[in-house]
Structure formats: structure tokens, C-alpha cells
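Visitor: Make a model of this:
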Amino acid sequence: LQSRPLTLFLPSMPRSCASADEFLADGKNCPNFSAIFDHKTRKFGTFCGVVGLAERMEYLPDVDTLSQTQGNILCCECGVAIQPNPANMCVACLRTQVDITEGIPKQGVLHFCRNCERYLQPPNQWVTCALESRELLTLCLKKLKTPLTKVHLIDAGFVWTEPHSKRIKLKLTIQKEVMNGAILQQVFVVEFVVSNQMCEDCHRVEAKDYWKAVVQVRQKTGHKKTMFYLEQLILKYKAHNNTLSIKEVSDGIDFFYATKQDAKKFVDFLQAVVPCRYKTSEKLISHDVKSNTYNYKSTFSVEIVPVCKDNVVCLPPKLAQQLGNLNQICVCLRVSTTVHIIDPATLQIADVTAPMYWRTPFQSLCEPRQLTEYMVLEVEPIRLHERVHVAGEGAKSQKHLLADVWVARSADLGMNDNQYHCRTHLGHLLKAGDLVQGFDLSNANVNNDFLNKMKGDRLPDIVLVKKVFDKSKRHRRRMWKLKRLAKELETMDSESVERDYTEFLEDLEEDPLYRKEVNIYRDADKLPVESDTDDDDAPRISLQEMLEDLHITEDATGGEGADMMTE
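Guide: Model prediction:
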């Protein structure tokens, strides 16, 4: 230590020495200096005299540590020891002097439409927000946008409230610079009251007569099987959510909309699920000359192909050749996105798309009500090597069996012995003694250009369409149901509509592919019935294919909470 460079801090001024020996050699004894600095160790020391410098020297903390150490001051208001700050006050006293939440409202109002379950976003936009969602938080903060510009928002979140209380609480954390640069942070709660207010769209719905666009769905047939199927598709995919009202007419359904865009979306949905085409028209309602604005009512006329399930059709020769050299007399298996047809004489199947149909349209030769009931006398399946093959033939059905069948009219049994032979695709279903429905071409008076041009040797006497089952037993064993659209009904034949609907339910039971896109619900009101041994081959829908019908009436807490709950 005595050979190290030192700095002595005297009461008046510091003095530098090369070493302690140099200081002792000068003979200057200054017992009053307060500190000594060792340049080698970079440390301070204190001692009480020159004698015994190395032994009595005490080291002080580092210079960096001294520079970081802060002393406490007393609060100018309450006198509590605090860390120094620009305001020279403790946090408690500072909050009593300054309120950074001043100017920010602690209460607000949110307008909520109970019909469509949307919130009003000023000035005139209605948005859908779930409780405690990010969208609802954004909407609430926009209500406080102007006052929050004066502070710094740190955090925001929901405080839980009862869903039926119609209260929404936000917990906000803000910061603001106050009094000589001091930053104060504060947490407070803002409460919003949910007020019921009907939106403009719901006002128009309640008016019943106000609409901007209408979609008129039509099908020129005598029965409504395809319309019932389309109704189930609309329910499954909720394509009717934006409709103002739905009105059922004699040959179709009208859908009314508040905007033209919603109507166009619905037309696009129809084109995706059924073969159809549409036309548009507009009617001028009013015209503002000053602002050059027009008010139109739009109409979309949608026409579905006039062919339904179990129709017998006569194809144009050009289309039959294009589909794989089919016979012109075919049976419609089902109508989905395309028209599925089968040749009952060869089991060839083909799909007729909407553009293909409208290029070469064709009509059905008969309707299901015009079919005749026959009794099956004999069934003889046709083996593969006995079948006739033609050049360019298309795909053949693997679910049907080609067979020669001898039948007699049910009405003629016991009166005459007339028998008819035909070739059918129902060989996998029929056996002697069964009842079957078919179309008698030999005695029918049909006005069809393509049928009149066909040669007589290529026309079958009878075209069998479907097997007949006991309707009463099927109805008794039907443990399922379908949902229906809420429609305004015109004066129509209720018996005819009910008969068509029953036939549609039977078609769903018979064809699994036909009911694949239909939501079938278990009917809890019907009691289970034991199976009938004499009619076990009747088709039915299994319990695995049924859905449980869910009904949500009101909130578990009761009362007004049901209005804010989402079903």
C-alpha cells in the first residue's frame, strides 16, 4: 500500500501522492483529511491519522454503488418517507390531488336489437357480437374513444356479470403524466347498460310489406317432391336467415329480401343445390332528380327443371346418344344437383346437368298420380351374359338388378287374364305377389314430340317405376319427422299437398342417397311400435341416422335473460 499512488481528500482540497511513503517523507501530518483513494484497487478508505496507514485503513463501497444509491425524501403532504419523484408526493397524496380518470364517463349505453341479436355501432351500423367477445370489447372502447385520447390505455377487459342483468362492465388500466413529469397509473370500471332498440331491418320485417328484392322459385310440375327436398336443403344450410318473409304459392315459393345482394346470394345457393336457371327484372319505384338516386325493386325468377323423382321421361335422340346411347324411355331416380336417370332396359345411368337440360329440354310423360298398380306374377333375373351391349354405352348401376317381369293389373284380377311383360331395373326388390306401380305406354294418350317419332318396336308396353308398400304400416312405424319453413300459405288444396308430402317421406325412406343431405329428427311424441313380420322388407330409417331435436326456450335463470341468449 505504501508504494501505491494515492489521493488524499482534505477538508479544503484533494492532494495526490505517488505513494504513502512520499506523503510520510514530506513530514506533513494531516490527521483531519477525511478519505484516501487507492488508484490501484480503485477504492476509497478512511483512517484516523497518518500512523498505521495500511493497518487502520477501512475501504468504502465502490464508486458505482455510491452513484446508484438514492436517499429517501419526505412527502410534502403527509411526511412519509418515499423515493424521490418529480411531484415530491407519495402515491396516496398524489391521487387525492390529481384524478386522471376525470373526463372519462363511468357509465354508457349499448343499443341491442332483440330480434336479430345485434348491437348498434354508431352512426347506423348494426354488428353481431357475442358476450365478452373481442368484437364487443372493441365496440365498448369506441364509445370511449374521444376521452381515452388524453390518456395512455394499458389494459382492458371484462368484469363478469349475469347474462340476464343487461349490464356489461369493463375494467380499464390507464396512465397519464401529471405534476412535473410524474406518471400516475389508475384502474377503474366502466359500466354499460344494454338498452333494447329495434334495428331498421327488423322494422322492415315487422312492416310485412317492405322488401327490395324477391326470389320466385317455380317448378312446372303437378306435384311438389322437388320443392319439399329444396325446403330441407334450405333448412340444413340456413339459407333463409336473411329473408323478410316466405310465401308459398301454387307452383312454388317466394322469398322476400331487404337487399338485392341477399337475394343474389340465395339464387347462387339454389344453383348449387338444384338444376335451375334464372332471369332478373327491375321495377322503378322512385327517383330523386337532385341527388340522381334511384329506388328499384328487383325480381329473380328461378325455374327448376320440370322433372321429379319417379317420373318417366322421353329423352331427345341427340341427348340420349350423347349420354351413352341410352334408350329414350328412362326413369328419373332422383333430382339433386343434377337429374339422375336410369334406362330400365339396360341399367345404364346418366346425370343430366342444368346446362345440358336447357340446351335440349324434355318433359316427363307422366306424374306419380297417373301410375297404375300392378300385381307381380313372375320375376326372371337376366344374367350378365344375356344382356345386350351397345357401342359407346356408359356406366351401369350396381345397385339394381335387371329382370324380366310378368304383371297383371290389380283392378283386372278376377275379371280377365290379361298379362303384360316388361323389362325392369327393380329385379332386386320384386318377387311374385308384390304390388308395383308402372306407366302403361300402350294405352296412354301422351302428347310428346319425341315419343311420337319413336318406332313402335322400341316402345315398351309398361315401364315399372316403384314397388308399393303398405302405407298405413309405414306411417305407424315412422318414428322420425322433418322441420318445415315458416311460410305464408295461399288457398291451395291441402289434401293434395299432404299427399305429396307423404310420398316425399316415403321416398326418403326408400333411397339412402336421397336423404343424405336431409336432417332427420327423432319424433319423441311417437311411441315405438313392434315390427310387423308380414312386411319386414319395407324400408325404414335407422336410429343412427336421426338427430335429436333441440329446443331452447329461455335462460335457466328465467325471465329476460332469454332475449340475450344465443340459440
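Visitor: okay, the longest strand seen in the chain in CSV with CA atoms only?
Guide: Among the elements of type strand in the chain, defined by DSSP state E, the one spanning the most residues is strand 182-196. Only the C-alpha atoms of strand 182-196 are listed here, as CSV (Å, rounded to 0.1, in the frame of the first residue of the first chain):
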residue,chain,number,x,y,z
ALA,A,182,-44.7,12.2,-12.7
ILE,A,183,-46.6,9.3,-14.3
LEU,A,184,-49.7,8.0,-12.5
GLN,A,185,-51.4,4.7,-13.2
GLN,A,186,-55.0,4.1,-12.2
VAL,A,187,-57.6,1.2,-12.6
PHE,A,188,-61.3,1.9,-12.8
VAL,A,189,-64.5,0.2,-14.1
VAL,A,190,-66.9,1.5,-16.7
GLU,A,191,-70.5,0.1,-16.7
PHE,A,192,-72.6,-0.1,-19.9
VAL,A,193,-76.4,-0.6,-19.8
VAL,A,194,-77.9,-2.7,-22.6
SER,A,195,-80.9,-0.9,-24.0
ASN,A,196,-83.4,-2.6,-26.3
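Visitor: So which elements touch that strand?
Guide: If you count contacts as 3 or more C-beta pairs under 8 Å, 6 or more residues apart in numbering; DSSP states H and E, strand 182-196 packs onto helix 91-97, strand 107-113, helix 134-143, strand 167-178. Every residue, glycine included, has its C-beta placed from N, CA and C.
Visitor: Count the neighbours of residue 325 for me.
Guide: Using other C-beta atoms under 10 Å, residue 325 has 15 other residues around it.
Visitor: Look up which helix or strand residue 473 falls in, please.
Guide: Of the helices and strands defined by DSSP states H and E, residue 473 is found in helix 471-476.
Visitor: following that helix, which helix or strand shows up next?
Guide: strand 480-481.
Visitor: what's the straight distance from one end of stretch 458-467 to the other?
Guide: Across stretch 458-467, the terminal residues are separated by 24 Å (C-alpha to C-alpha, to the nearest Å).
Visitor: Show me the contact partners of that stretch.
Guide: Contacts to stretch 458-467, defined as C-beta atoms under 8 Å, 6 or more residues apart in numbering, come from residues 310, 312, 327-329, 331, 344-345, 368, 371, 374, 405, 407, 420-424, 426, 429-430, 434-442, 451, 510.
Visitor: Can you tell me how far residue 232 is from residue 243?
Guide: For residue 232, the distance to residue 243 equals 16 Å [C-beta to C-beta, to the nearest Å].
Visitor: Likewise for residue 84?
Guide: Per C-beta to C-beta, residue 84 is found 70 Å from residue 243.
Visitor: More neighbours: which of the two?
Guide: Neighbour count, other C-beta under 10 Å: between residue 84 and residue 243, residue 243 has more, with 22 against 10.
Visitor: so what's the more buried one closest to, chain neighbours aside?
Guide: The shortest distance from residue 243 to any residue other than its chain neighbours is 5.2 Å, reached at residue 255 (C-beta to C-beta, 6 or more residues apart in numbering).
Visitor: For the residue lying closest to residue 237 once chain neighbours are set aside, the count of nearby residues, please.
Guide: Distance criterion C-beta to C-beta, 6+ apart; nearest residue to residue 237, sequence neighbours excluded, is residue 269 at 7.1 Å. For residue 269, the tally of surrounding residues (other C-beta under 10 Å) stands at 16.
Visitor: In three-state terms, how would residue 269 be classified?
Guide: Assigned state for residue 269: helix (three-state reduction, DSSP: H, G, I helix; E, B strand; the rest coil).
Visitor: For ChimeraX, write the select line for the buried members of the contacts of stretch 458-467.
Guide: In ChimeraX, the members of the contacts of stretch 458-467 classed as buried (16 or more other C-beta atoms under 10 Å) are selected with the following command:
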select :310,312,327,328,329,331,344,345,368,371,374,405,407,420,422,423,424,426,429,430,434,436,437,438,439,440,441,451,510
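Visitor: where exactly do the helices run in the stretch 351-500 of the chain?
Guide: All helices of the stretch 351-500 of the chain, identified by DSSP state H, counting those that start in this stretch, fall at 354-359, 449-452, 471-476, 494-510.
Visitor: quick revisit: check the residue nearest to residue 243 and give its pLDDT.
Guide: If you check residue 255, the pLDDT there is 94.
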